Structures are given as C-alpha cells and as structure tokens.
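Participant: Predicted model, plus sequence, below.
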Amino acid sequence: MSAAVAQAAAAPPRERTATRIVRALPSLFRVGFASAIAYRAEFLVWVLATNMPLVMLVLWTAVAREAPVGRFGEAQFVAYFLATLIVRMLTGSWVVWELNFEIRQGTIGMKLLRPIHPLIVYATDNLAAMPLRALVSLPVAVLALWWVGHGQLASDPVLWLVAPVAIVGAWAMTFCATSFIGTLGFFWDSSMSLFQLWLGFFFVFSGYILPLELLPSWLYAVVRWLPFRYLLSFPVEAMLGLVDREGALVALGIQWAYVAVFLALALWTWKRGLARYSAFGG
Amino acid sequence: MISVKHLVKHYRVHTRPPGLGAAVRSVFRRNYRAVPAVDDISFEIAAGERVGFLGPNGAGKTTTLKMLAGLLHPTSGEAIVAGHRPAARERDFLRSIMLVTGQKQQLLWDLPPSETFELNRAIYDVPREEFRRTVDELTELLDLAPLLGKPTRQLSLGERMKCELAAALLHRPKVLFLDEPTIGLDVTMQAGVRTFIKDYNERHGATVLLTSHYMDDVAALCPRVIVIDQGHLTYDGALDDLVREIQPEKRVTLRLSNPVSRADLDSLGGRVLSQDDAQAQLQVDGPSLRALVAQALARLPVADLTVEDPPLEEVLAGLFARSRAAAAVGRE
C-alpha cells in the first residue's frame, strides 16, 4: 500500500453514509418533482398510455351485462378496473428505459461521478413524480367511490391497513425488478427485449387485463406464486376485499420477499455490470 | 496528488469478418481481440499543478482520464489520485475529484442550472452557507447571474459549459479532470473558460489535468504537458522545453510598408514560409535570429516585426512524427 493510500485509510471515520443520504433526500425529491413538472408532454403521454384498465373496464362490463363472470358482475368489474388504474398509476416506473438509454449512450458516467448510488437517484426521481400521479389517480378514486358505492370496497379494517403497504410494495417491486432488467444492459445490448418479455407476462399474469381468479384454476394456482400478481392484482384485491385477511397477510409476506429478492438482484447485477462496463469502457 | 505507474488499459473488442455467413457464425461463436488503448504509462503530478494531456484522436487521453476518475478499471498498473485508488470509487475520492467533459453534461436538461446546483449541494453534502458563498463566487467569476433561472435547454453551448463548470466545482474538488472543456465554443467564450480555470486553480490550489485539441488552451493554461500517442507516453515536461526540443526555430513575421522581392527575403538567411505585398513570414534557427532581424530592419521597408515560436500544432505534429518513426524503427 502506498503512503498516500495509507494516509487516506488512516483518516478519521466520517459520518455514516445512510445519514448523508437521508439528508440529501429532500433536495433529491424537490428536484425530481421539478423535473416531473417540466416534462409535461411526457407526463401526459404516460397518463394516456396507462388507460388500458379503462379499455378493459368497457370490454368486461359489456361481457358481464349478459351474465356475471364468476363473482364479477358489472359493478365488480368497474370497481376492479378503476382500482387497477389507481394502483398502476401509483406504482409505474420508467427506470428500465432510463437505465438502458444512459448505459448505451454512456451518459451514466456523469451519475457515476457523484458520491451517491445512481439507483437512489432514479428511485427518488420516480417517487417525486408521485404527487402528480396522485393528482390524476386520486380524483378517479373519489369518483369510483361515489359511482360504485362502498359495497365494492373492502370492509375489513385490516385490509385497509394492508392495501397501502401493498401499494408501496408493488412500487418497490416494480422499481427493483425493472432496475434489475435495466442493469442487464451493462452485459447485454438486448436487455430491452427481456423487458418486452417481462411486460408480456405482466399484462397477462398481473391482473391487468382480467381478474386473476377468472384464469383456469390450475393456472391461477401457479400465478399466485409468480411475481406478477404482487405488482398489481394483490393491492387491488386488498382494496376491494377480494382476498381474506389471512390470504392478504400471506400475500404481503410474499410480496416483500420478492422486493428483497429483486433488490438483491438489482444491486448484484449493478455491481457486476459496473465492473464489466468499466472493463469495456463507457 | 496524482501518481500513475505502468498503467495499462486494453479494450476487448468483438470482431467479425464481413458477410452473412460470418454474421450467423458470430451468433454462436464470438471472436474478441484486445485493443491496447493505454500501454504502460507512468507519471506524477503534484498538488496545484496545471498539466496539459495531449495527443491525437484515439491516443488514449480520454481513457486515461476515465481511469483516473474511476469510471474505467485499468487492465494493469496502478493509479492513485488524492490518496485513493480511483477504481474503488470510495465516497471521499468522488468528493475530491470532478471530470468535466465538453461532450457530456450533468446539467438537468429541462430545469434551470440552479436546480442542478441544489442537487449537487445535497449529493455532495455541502453546508448551505459554504454553498451560497461558492455559488456567489462562481456567479461573479463566470457571469452566471442571467443564466441561473433559464432552463438548460435554452442556453447556448458556451453558457451551458460555464454552468457545467460551476456545477462541477460547487464541492471544491481538489483534482479537476477537464476533457475538451472548450470544444465548440467561440473564441471569446474559450478565453473566458481558460481564465476561469486558471483562476480556480490559483485560488484553491486545485490540480488540473486538461485535454484539448485547442492548443491555445494548452499554451494559456499548462506550463507542463504530457503527450501520449498510440497509448504510449512520448513526452513529459515543460511546454517551453517541448517547443525548443522539437521546433527550435523561430517564426518571424514582417509587416511591410512596400512590397519586396522574393530575392530580398531569401537574402536574409531564413526560410520563407509565405509572402504577399503587405506581409512576409520566415522561419529561422535560434542562433541566426538576431542577424536576420537586424538585416530585415536595415534593408527592407519593415513597418512592424514579430518573433514567435512555431504554432503548437506543428510542434506536436513534429513530436508525433518522430515518435512514430522511432516506434517503426523499433519494430524492424
């Protein structure tokens, strides 16, 4: 070890990294919010692109007009897809696009120069756009309550406690899973094709285009263990009381276990990917 | 402050011959070869020095800067910057350095530069009072006041570069890597950026390592230059010594009040580089300079006379030609 390195190593311990990050968070959120407001056109396009549940709502209510599908009549479908819209708006993440673009363009280098993990910056950027998303989704939620009535919402207070935690979990899972796929861009030029595959499974197995309990029972049994249910369907089920108390608590455990798994995967691929990126040149 | 020992960087590059067959084969089996970008370079830079890092395109300058900034891992060798191994990317290291590049930016595109400043304040954990003082100082030095509230996308290239420099310096880095900081800027803006960099270096004792294709940047800022060509270090020393070693001749420009003949110019003893009715330029070796100037003043209608070193571009071209010739001899 050279004298200079030894001198640096002997320096007194500094403040804990976590404390410094927490202190930086208000500014990160504030700047992230300012960015979300600046990208007005992009935000509007994103809102419009999230309207799939409304399309599904129209389709399924038309089907249910003839006869209920399972336990879903017209009112149940309306409540389900409005809840889906709300959850989707509050849990969406675009980090995979940002990571892919910045890795390919080499602009991620500017983020790497800063003494904070870039995934924290992406996460705060994502969360800072939340108030704007809420601005869109909350009026919808109020409208839904007024329209479909209290009867469609969960009556168990425990489910009302579970629902917000499940929404936070769904965001965390979405962010970590898509960060994991995005960081694969360090290794693989075609990481976005993997994301397309992920998206395909998400549409079918998350409850985005139909309630999962309408799937064939054998498939529903499999889907309950896949991650996709916990990205969307589970928070919706908790909001509408489609799951009982015990099932909700088990699902919450599974969901947060998935959060931990995807976070570990994202951090691992980030570390390995960065070493590889640094080896190849950015 | 910067210590580089036998630093090597090889890139692994995928290669395949042209043609459909080769394209299909490359799906199953890829061929790679190692391309040396930096090949065994060593140098030391003391705290507070301003050093020009020069070389033609593809010489390995940016690769070296990226290794020193912790963005690239060396294939072998050692680099120590501000007491840290850059590849480890420790927080204290990242707080000690900054890389500013004319081609990539850290400013938030749709927000005013003041928002990027605030973001950097938070990330680098700069105390608010110190931050305010630094922003005030940078605003004054770089004349940023009218720019701070405009969205970055509405700023000109030069204005963006000034804000980029300010954003990079808010945490007062001890080591500043500048990669083509004046690229694309007009002459006035280039001069402004140069003055600012020199001023920052003198005020804060920061170490500056600069790459630039504009030799005016190097001449104005860097008493010392390190020259790299094809990954090899070919010169490390004072800029003046480099000029004297490679191009010891002086360039004499005569502004003439009346036209003179070519024979009159030839008779002065130097080599005539150019001539028209109003001006002539000659090149002469150092010992003959005094005699040539005396002759010109005595015999020709000289209205004005300047003596300069040859342009730095020519000096470097001479150095590159010499080092490549030496490398070719070495290979034979």
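Facilitator: Looks like it came in fine. The model shown is predicted, which means the values in this text are computed figures rather than measured ones. Numbering: from 1, shown residues only, chains lettered A, B, ... in the order given.
Participant: Excluding sequence neighbours, find me the nearest residue to A:Gly182.
Facilitator: A:Leu99 (3.0 Å; Cβ to Cβ, 6 or more residues apart in numbering or on different chains). To be clear about C-beta, it is placed using only N, CA and C from the backbone, and glycine gets the same treatment.
Participant: And that neighbour, how far from chain B?
Facilitator: For A:Leu99, the distance to chain B equals 16 Å [Cβ to the nearest Cβ, to the nearest Å].
Participant: Pretty sure that residue sits against A:Leu184.
Facilitator: No. In this structure A:Leu99 lies outside contact range of A:Leu184 using Cβ atoms under 8 Å: 9.1 Å.
Participant: Those two: which is more packed in?
Facilitator: Between A:Leu99 and A:Leu184, counted using other Cβ atoms under 10 Å in any protein chain shown, A:Leu99 has the larger neighbour count: 28 against 23.
Participant: quick revisit: show me what the stretch of helix or strand the residue nearest to A:Gly182 belongs to is packed against.
Facilitator: If you go by DSSP states H and E, A:Leu99 is part of helix A:95-105. Packing partners of helix A:95-105 (3 or more Cβ pairs under 8 Å, 6 or more residues apart in numbering or on different chains; DSSP states H and E): helix A:108-112, helix A:118-128, helix A:157-183, helix A:191-205.
Participant: related to what we said a few turns ago, residues touching the residue nearest to A:Gly182, list them.
Facilitator: Shown in contact with A:Leu99 (Cβ atoms under 8 Å, 6 or more residues apart in numbering or on different chains): A:Ile108, A:Tyr122, A:Ser179, A:Gly182, A:Thr183, A:Gly185.
Participant: nearest to chain B, of these?
Facilitator: Nearest to chain B out of the contacts of A:Leu99 is A:Ile108 (Cβ to the nearest Cβ; 9.4 Å).
Participant: So the spatially closest residue to that closest one that is not a sequence neighbour versus chain B, what's the distance?
Facilitator: The shortest distance from A:Ile108 to any non-neighbouring residue, by Cβ to Cβ, 6+ apart, is to A:Glu102 (3.9 Å). Computed as Cβ to the nearest Cβ, the A:Glu102 to chain B distance reads 10 Å.
Participant: Next one, pLDDT for A:Glu102 please.
Facilitator: Note on A:Glu102: pLDDT of 89.
Participant: circling back to that earlier point, angle of the helix holding A:Leu99 against helix A:118-128?
Facilitator: Put simply, helix A:95-105 runs at 140 degrees to helix A:118-128, going by axes from the mean of the first three to the mean of the last three Cα atoms, to 10 degrees.
Participant: Could I have the CA atoms of helix A:95-105 written out in CSV?
Facilitator: What follows is helix A:95-105, C-alpha atoms only, in CSV (Å, rounded to 0.1, in the frame of the first residue of the first chain):
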residue,chain,number,x,y,z
VAL,A,95,-36.2,3.3,-14.7
VAL,A,96,-35.6,0.5,-17.2
TRP,A,97,-35.9,3.0,-20.1
GLU,A,98,-33.6,5.5,-18.4
LEU,A,99,-31.0,2.9,-17.5
ASN,A,100,-31.0,1.4,-20.9
PHE,A,101,-30.6,4.8,-22.6
GLU,A,102,-27.9,6.0,-20.2
ILE,A,103,-25.9,2.8,-20.4
ARG,A,104,-25.9,2.8,-24.2
GLN,A,105,-25.2,6.5,-24.5
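Participant: show me where pLDDT drops low in the stretch 101-250 of chain A?
Facilitator: Scanning the stretch 101-250 of chain A for pLDDT under 70 picks out A:136-137, A:141-142, A:145, A:149-150.
Participant: longest helix of the chain?
Facilitator: Defaulting to chain A. Longest helix of chain A, by residue count under DSSP state H: helix A:245-280.
Participant: nope, chain B
Facilitator: In chain B, taking DSSP H as the definition, the longest helix is helix B:312-331.
Participant: mind checking how far that helix is from the chain centre?
Facilitator: 19 Å (Cα atoms, centre = their mean, to the nearest Å).
Participant: cool, stretch A:71-82 as well?
Facilitator: Put simply, stretch A:71-82 sits 23 Å off its chain's centre (Cα atoms, centre = their mean).
Participant: Repeat that for stretch A:21-34.
Facilitator: 19 Å.
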